[in-house]
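this one's structure only:
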């Protein structure tokens, strides 16, 4: 039975207080004091239908990484450095051990990345069948620049590690109650790699294309631009995609290219 007093809230507070002193902020009695004055970029996302599998398998660490990835990967395209987050957990039942484990994993990840957990909420919804971890992520941008490609740019695609956290409604339609380990594989987090590369090279634009695939590139292409494939790479998608779509269709319609040239 749901206990609205949330007896675990003191344990949660002990955990998140471990994140309250970072290179970017100090938090005292819930009040956040920033140590920088850069422009900011904020983002919100969650793990969606994938949370059904995480709840069934109690793969809470992977679920936390998924929730972070869904926000960090989008901060990446704005070259934003994360400094704080607010989380909102939705569970189908009041499960103290699950809640504390989730917050413990979230705390560990945030301590490692210098992210302060400045607020949060836990909601019990007995009309849902899975877990949802929704995060609002706050980041700052030291050197804002247009996220726009130019004529002659080279497009480089960084390979995914599998399904990531989009399209799981279709996964459930395809597989029904069948389970595969790939369904709880955590999403790759790209922010460390990309921000490091951004310091070494002139990157004009980038896009996180897990949701919406290559159609999202239209948002950063010049008007009337074409993408010209200049070099083919025999990169084979992970096997799970062949199970979902079918090998013949995937290899003829979704051939994977990692380097293309932008032309007008």
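Here it is on my side, so go on. Everything numeric here is computed off the predicted structure, so don't read it as measured data.

Please count neighbours and contacts with C-alpha atoms only from this point.
Noted.

Quick one: the strands in the stretch 101-250 of the chain, in order.
Applying DSSP state E, counting those that start in this stretch to the stretch 101-250 of the chain gives strands spanning 116-124, 132-140, 154-156, 226-231.

got the ones you listed as a markdown table, with mean neighbour count, mean pLDDT and distance to residue 148 columns?
Putting the strands of the stretch 101-250 of the chain into a markdown table (neighbours: other C-alpha atoms under 10 Å; pLDDT from 0 to 100; distance: least, C-alpha to C-alpha, whole Å) gives the following:
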| stretch | mean neighbour count | mean pLDDT | distance to residue 148 |
| --- | --- | --- | --- |
| strand 116-124 | 18 | 96 | 31 |
| strand 132-140 | 23 | 98 | 19 |
| strand 154-156 | 16 | 84 | 12 |
| strand 226-231 | 13 | 70 | 14 |
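
Tell me which of those strands lies nearest to residue 69.
Residue 69 lies closest, by C-alpha to C-alpha, to one member of the strands of the stretch 101-250 of the chain: strand 132-140, at 10.1 Å.

quick check: angle from that closest one to strand 116-124?
160 degrees (axes from the mean of the first three to the mean of the last three C-alpha atoms, to 10 degrees).

Paired strands for strand 132-140, with orientation please.
strand 40-45 (antiparallel), strand 81-91 (antiparallel) (DSSP bridges).

for those, which one ends up most surrounded?
strand 81-91 (a mean of 21; mean count of other C-alpha atoms under 10 Å).

Name the surrounding residues that touch that one.
Defining contact as C-alpha atoms under 8 Å, 6 or more residues apart in numbering, one finds that strand 81-91 is touched by 24-25, 72, 75, 114-126, 128, 130-141.

three-state assignment of the most centrally placed residue in the chain?
By C-alpha atoms, centre = their mean, the chain has its centre lying nearest to residue 70, at 1.5 Å. Per DSSP: H, G, I helix; E, B strand; the rest coil, the local secondary structure of residue 70 is helix.

okay if I get the strands of the stretch 101-250 of the chain as CSV plus distance to residue 92?
Shown next, in CSV, are those (distance: least, C-alpha to C-alpha, whole Å):
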stretch, distance to residue 92
strand 116-124, 6
strand 132-140, 9
strand 154-156, 41
strand 226-231, 45
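
out of those, nearest to residue 46?
Of all these, strand 132-140 comes closest under C-alpha to C-alpha, at 4.1 Å.

For residue 51, which non-adjacent residue is closest in space?
residue 131 (4.5 Å; C-alpha to C-alpha, 6 or more residues apart in numbering).

quick one: contacts for that neighbour?
51, 52, 54, 55, 89, 90, 91, 92.

which one of these is nearest residue 12?
residue 89 (12.4 Å).

any chance of the strands paired with strand 132-140 in JSON lines, plus distance to residue 240 and mean pLDDT?
Formatted as JSON lines, the strands paired with strand 132-140 follow (distance: least, C-alpha to C-alpha, whole Å; pLDDT from 0 to 100):
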{"stretch": "strand 40-45", "distance to residue 240": "24", "mean pLDDT": "98"}
{"stretch": "strand 81-91", "distance to residue 240": "28", "mean pLDDT": "98"}
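
before we move on, back to that, among the contacts of residue 131, which one sits closest to residue 62?
With C-alpha to C-alpha as the yardstick, the closest approach to residue 62 among the contacts of residue 131 comes from residue 54, at 7.7 Å.

Double-check that the closest one belongs to a helix.
Yes: assessed by three-state DSSP, residue 54 belongs to a helix.

Give me the number of neighbouring residues for it.
Using other C-alpha atoms under 10 Å, residue 54 has 22 other residues around it.
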